[in-house]
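K.L.:
The sequence and its predicted three-dimensional model are supplied below.
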Amino acid sequence: MLLSAEGFGHHPRFLIHDSPREADLANDIYQRFFLYMEELAMAFPDVEPNYQHIITTTEPPPERLQVKPWLIAKLDASQADGRLIKANLGDH
C-alpha cells in the first residue's frame, strides 16, 4: 500500500483489517498497525493522504489516536443506534 501511495505498484490504496485484536494479533503487532499509519501521515504533513486503512476491532487504538482525524466512528453493536446502519437487521 505504501509503495502504491508513493506511485509504485498497483495496490488499490484501500486496506480493511476487520477482526478482534485478541483473536488474531499479539498486542504489540496490533499497536504497530496504528503507529505505522500515524508515522506515514506525519511523513507527508502537507499532503492529503491518498490511501485509507480501516481497522475494525474490539480493542481501542492507542489513546492519542482515539480522536479525529484518526478515529472515524466508534460503533457498538449492542444497541441499534451504535450499529453502522443504525438498525437491527434481525428484526426485519
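P.N.:
Sure, I can see it. Residues are numbered from 1 along each chain as shown.

K.L.:
where does this protein have its least confident helix or strand?
P.N.:
helix 21-24 (a mean of 67; mean pLDDT, DSSP states H and E).

K.L.:
Tell me which stretches of this protein form helices.
P.N.:
Counting by DSSP state H, the chain has helices at residues 2-5, 21-24, 27-43.

K.L.:
Arrange these in a markdown table, one row each, with mean neighbour count and distance to residue 82 as further columns.
P.N.:
Where C-beta positions appear, they are placed from N, C-alpha and C, glycine not excepted. A markdown table is the format used below for those (neighbours: other C-beta atoms under 10 Å; distance: least, C-beta to C-beta, whole Å):
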| stretch | mean neighbour count | distance to residue 82 |
| --- | --- | --- |
| helix 2-5 | 14 | 32 |
| helix 21-24 | 12 | 19 |
| helix 27-43 | 13 | 22 |
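
K.L.:
Distance across stretch 53-69, terminal residue to terminal residue?
P.N.:
Start-to-end span of stretch 53-69 (C-alpha to C-alpha, to the nearest Å) is 12 Å.

K.L.:
what does that stretch contact?
P.N.:
Stretch 53-69 has contacts (C-beta atoms under 8 Å, 6 or more residues apart in numbering) with 1, 15-22, 30-31, 33-35, 37-38, 70-72, 75.

K.L.:
For it, buried residues please.
P.N.:
Buried residues in stretch 53-69, counted by 16 or more other C-beta atoms under 10 Å: 53, 55, 57, 61.

K.L.:
repeat for stretch 12-19
P.N.:
Within stretch 12-19, the residues that count as buried by 16+ other C-beta under 10 Å are residue 13.

K.L.:
any idea how far it is from the chain center?
P.N.:
8 Å (C-alpha atoms, centre = their mean, to the nearest Å).

K.L.:
could I have that stretch exported to CSV, CA atoms only?
P.N.:
The C-alpha coordinates for stretch 12-19 follow below in CSV (Å, rounded to 0.1, in the frame of the first residue of the first chain):
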residue,chain,number,x,y,z
PRO,A,12,-5.7,0.0,-4.6
ARG,A,13,-4.6,2.0,-1.5
PHE,A,14,-7.5,0.8,0.4
LEU,A,15,-7.0,-1.7,3.2
ILE,A,16,-9.5,-3.1,5.7
HIS,A,17,-8.4,-5.1,8.7
ASP,A,18,-11.6,-6.5,10.3
SER,A,19,-11.2,-8.6,13.4
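
K.L.:
Many thanks, have a good one.
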